[in-house]
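J.: kindly generate the corresponding structure for this input.
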Amino acid sequence: MKTLSLNGIEMPALGLGTWQLAGQPCRDIVRAALESGWRHVDTATIYDNERDVGAGIRAASVSRDAVFVTTKVWHDRLDPEDMLRSCEESLDRLGLEQVDLFLIHWPNGHVPLKEQIEGLLEARARGWTRAIGVSNFTAALVREAQDLAGGQLIANQVEYHPFLSQRTLKSALDAAGMALTAYAPIRKGAVAGQQAIRDIAKRHGKSEVQVTLRWHMQQDNVAAIPKTGNPARLAENADIFDFELSEAEMAEISGLGSGEGRSVDPSWAPDWDAD
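T.: Sure thing, here's the model as predicted:
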């Protein structure tokens with residue numbers, strides 16, 4: 001699978017999202033993913049499934065060193081000491097001594113960003129995470145955070161799919177040397193109903209979901225973490241490296257996006273970029 005090289009860290013560009021997965025189904029799909037070649041698993045404190053994700057990792061016949069694990073601290077625990085406790089608790093639930101990427105899940109204007117970044121840097125200094133980053137940060141917040149981190153942040157995990165352009169943010173991430181990790185990369189399957197994507201899929205003998213994930217993979221420094229609890233979908237989602245979209249097809253899919261295509265917008269969200 002494709003990997004992204006970020007500040008000395010190799011991050012698999014295609015990962016398994018686990019939001020809303022829990023219990024034995026979560027354990028089973030994590031194990032199935034790893035044993036079928038997936039190497040990146042994404043979780044978070046707020047998902048309440050870190051124990052299950054960790055159990056799935058241990059159950060798989062794959063070396064821990066071969067698995068890239070991401071987790072996140074919730075926005076109500078961004079005071080540095082509380083953030084560190086959250087990280088330590090995540091490690092305990094996962095059954096790991098270290099995660100590969102530790103993210104601030106959502107920005108919180110009530111805690112100085114400088115202090116939030118200090119917490120991330122300290123978690124890495126303690127060896128609890130190999131790399132650090134953020135999630136749901138706008139372009140302006142990315143620039144400020146990366147400056148405070150001295151260039152040490154490697155990724156910003158945000159909603160991104162053909163219906164949401166993220167042009168302004170992507171430009172800021174490129175300038176900051178950071179990856180964009182796309183959650184909801186197929187907008188909960190909505191891409192299957194889009195005629196332009198359907199036409200492209202027919203030309204390549206692929207599904208609309210496969211074409212959309214391929215669109216993500218062909219962009220520089222973009223990762224995607226589609227969620228599924230279905231082992232058959234795991235295979236389908238990974239079967240995207242045997243074809244290539246043309247520049248015209250890439251542009252056609254990108255042209256579907258705007259600033260109006262957002263599906264995740266909770267009350268605590270920042271003021272999003274216009275496009």
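J.: where does residue 272 sit: helix, strand or coil?
T.: At residue 272 the chain is in coil, as set by DSSP: H, G, I helix; E, B strand; the rest coil.
J.: quick check: it touching residue 138?
T.: Yes. Here residue 272 reaches residue 138: they are 6.2 Å apart, a contact under CB atoms under 8 Å. (C-beta placed from N, C-alpha, C; glycine too.)
J.: joint contacts of these two?
T.: Counting by CB atoms under 8 Å, 6 or more residues apart in numbering, no residue touches both residue 272 and residue 138.
J.: show me the contacts for residue 258.
T.: Residue 258 makes contact with 163, 164, 165, 275, according to CB under 8 Å, 6+ apart.
J.: and what of residue 237?
T.: Residue 237 neighbours (CB under 8 Å, 6+ apart): 14, 209, 210, 213, 226, 228.
J.: closest one of those to residue 26?
T.: Among the contacts of residue 237, residue 228 lies closest to residue 26 (CB to CB), at 11.4 Å.
J.: the closest one and residue 14, how far apart?
T.: 12 Å (CB to CB, to the nearest Å).
J.: for the residue of the chain most remote from its centre, phi and psi?
T.: Most distant from the centre of the chain: residue 203, at 28.8 Å, with distances by CA atoms, centre = their mean. Residue 203 adopts backbone torsions of phi -60, psi -30, taken as degrees, to the nearest 10.
J.: helix or strand for residue 86, just tell me which one.
T.: helix 80-94 (DSSP states H and E).
J.: any chance you could map the helices in this protein?
T.: Using DSSP state H, the helices found in the chain span residues 23-35, 50-59, 80-94, 113-125, 139-148, 167-176, 195-204, 208-217, 231-238, 247-254.
J.: still on that earlier bit, among the contacts of residue 237, which one has the most neighbours?
T.: Neighbour tally across the contacts of residue 237 (other CB atoms under 10 Å): the maximum, 26 neighbours, falls on residue 213.
J.: by mean pLDDT, flag the weakest helix or strand of this structure.
T.: helix 231-238 (a mean of 95; mean pLDDT, DSSP states H and E).
J.: now that one, how far from the centre of its chain.
T.: The chain centroid and the centroid of helix 231-238 are separated by 18 Å under CA atoms, centre = their mean, to the nearest Å.
J.: if you count neighbours, what's buried in it?
T.: Buried residues in helix 231-238, counted by 16 or more other CB atoms under 10 Å: 234, 236, 237, 238.
J.: check stretch 113-133 too.
T.: Buried-residue list, stretch 113-133, by 16+ other CB under 10 Å: 113, 116-117, 119-124, 128-133.
J.: quick one: which of those residues is nearest residue 92?
T.: residue 128 (10.8 Å).
J.: check contacts around the closest one.
T.: By CB under 8 Å, 6+ apart, residue 128 lies in contact with 84, 87, 88, 91, 98, 99, 102.
J.: buried only: go through these for me.
T.: If you count burial by 16+ other CB under 10 Å, the buried members of the contacts of residue 128 come out as 84, 87, 91, 98, 99, 102.
J.: verify the contact between the fifth one and residue 67 for me.
T.: No. Here residue 99 lies out of contact with residue 67, judged by CB under 8 Å, at a distance of 10.1 Å.
J.: tell me the pLDDT of residue 121.
T.: Here the pLDDT value assigned to residue 121 is 98.
J.: residue 175: neighbouring residues, count only.
T.: Neighbours of residue 175 under the rule other CB under 10 Å: 12.
J.: so residue 204 is in contact with residue 243, correct?
T.: Yes. When contacts are counted by CB under 8 Å, residue 204 is listed as touching residue 243 (5.0 Å).
J.: so the two - more neighbours on which side?
T.: Neighbour tally, residue 204 and residue 243, criterion other CB under 10 Å: the higher count belongs to residue 204, 17 against 13.
J.: so who does the more buried one touch?
T.: Residues counted as contacts of residue 204 (CB under 8 Å, 6+ apart) are 211, 243, 245.
J.: ok, 6 Å please
T.: Contacts for residue 204 (CB atoms under 6 Å, 6 or more residues apart in numbering) come out as residue 243.
J.: check contacts around residue 261.
T.: By CB under 6 Å, 6+ apart, the residues touching residue 261 are 163, 164.
J.: swap in residue 113?
T.: For residue 113, the contacting residues are residue 144, by CB under 6 Å, 6+ apart.
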